[in-house]
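1. Fold the following and give me the result.
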Amino acid sequence: QVQLVESGGGLVQPGGTLRLACAASGFTSSSYYSIAWFRQAPGKEREGVSAIETSDGATHYADAVKGRFTISRDGPKNTVYLQMNSLNSEDTAVYYCAARHGFTVSGLPPDLYDYWGQGTQVTVSS
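-> Numbering: from 1, shown residues only. Got it, this is the predicted structure:
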C-alpha cells in the first residue's frame, strides 16, 4: 500500500521560501508513477501545482508557479521535494502530496490520483 507523508509547511513572509517534502513508501519497483503536489485554499477547489515522473524525472508545473517552484526527487530516499520561492499570499493553502500509477495527465486533475498524504499548511503572511 502506497503511503505519503508531507512535511515542511509553516508560516513565511511574502517573498520568502519554503521546501516541502513528501516521503513515499509502498511503491512497486516495476511500476512507474506520477507524484504530484496539489494545494487547496479555503473556499477554493483543489488545484494541481507540480508533478514529477518516476520513470524519467520529467517535471510539470502549473502556470501560477512556473519559475518560482521546483519539484525534485531523491530516488534512493523515495522523497519528493517542492522548493517554493518568491511566495505570495495567493500561495497560502494546504499542500498535499499525491501519487498515481502511470504518467502525469495534463492539467493535473486531482480525481486521477489514487494516493494522498494528510496535507501540510503553508501560510504566507507578514
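2. alpha carbons only for contacts and neighbour counts from here, please
-> Noted.
3. Tell me what the residue found closest to residue 8 once you drop the neighbours it is linked to in the chain is bridged to.
-> Leaving out its chain neighbours, the residue that sits closest to residue 8 by CA to CA, 6 or more residues apart in numbering is residue 20, at 4.5 Å. Beta-bridge partners of residue 20, counted by DSSP bridges, are residue 82.
4. looking at it, residue 20 is touching residue 9, isn't it?
-> Yes. Between residue 20 and residue 9 there is a contact under CA atoms under 8 Å: 6.2 Å.
5. how about low-confidence regions in this protein?
-> Residue ranges of the chain with pLDDT under 70: 77.
6. Tell me the spacing between the residue positioned nearest the centre of it and residue 8.
-> Of all residues in the chain, the one closest to the mean position by CA atoms, centre = their mean is residue 37, 1.9 Å from it. According to CA to CA, to the nearest Å, residue 37 and residue 8 sit 13 Å apart.
7. Neighbour count: residue 20 and residue 9, which is higher?
-> residue 20 (21 against 18; other CA atoms under 10 Å).
8. Spit out the contact partners of the more buried one.
-> Residue 20 makes contact with 6-9, 81-84, according to CA atoms under 8 Å, 6 or more residues apart in numbering.
9. secondary structure class for the residue nearest to the centre of the chain?
-> Three-state call for residue 37 (DSSP: H, G, I helix; E, B strand; the rest coil): strand.
10. do you know how far the closest residue to residue 102 other than its chain neighbours is from residue 93?
-> Closest residue in space to residue 102, ignoring its immediate chain neighbours: residue 33 at 4.9 Å, by CA to CA, 6+ apart. As judged by CA to CA, residue 33 and residue 93 stand 25 Å apart.
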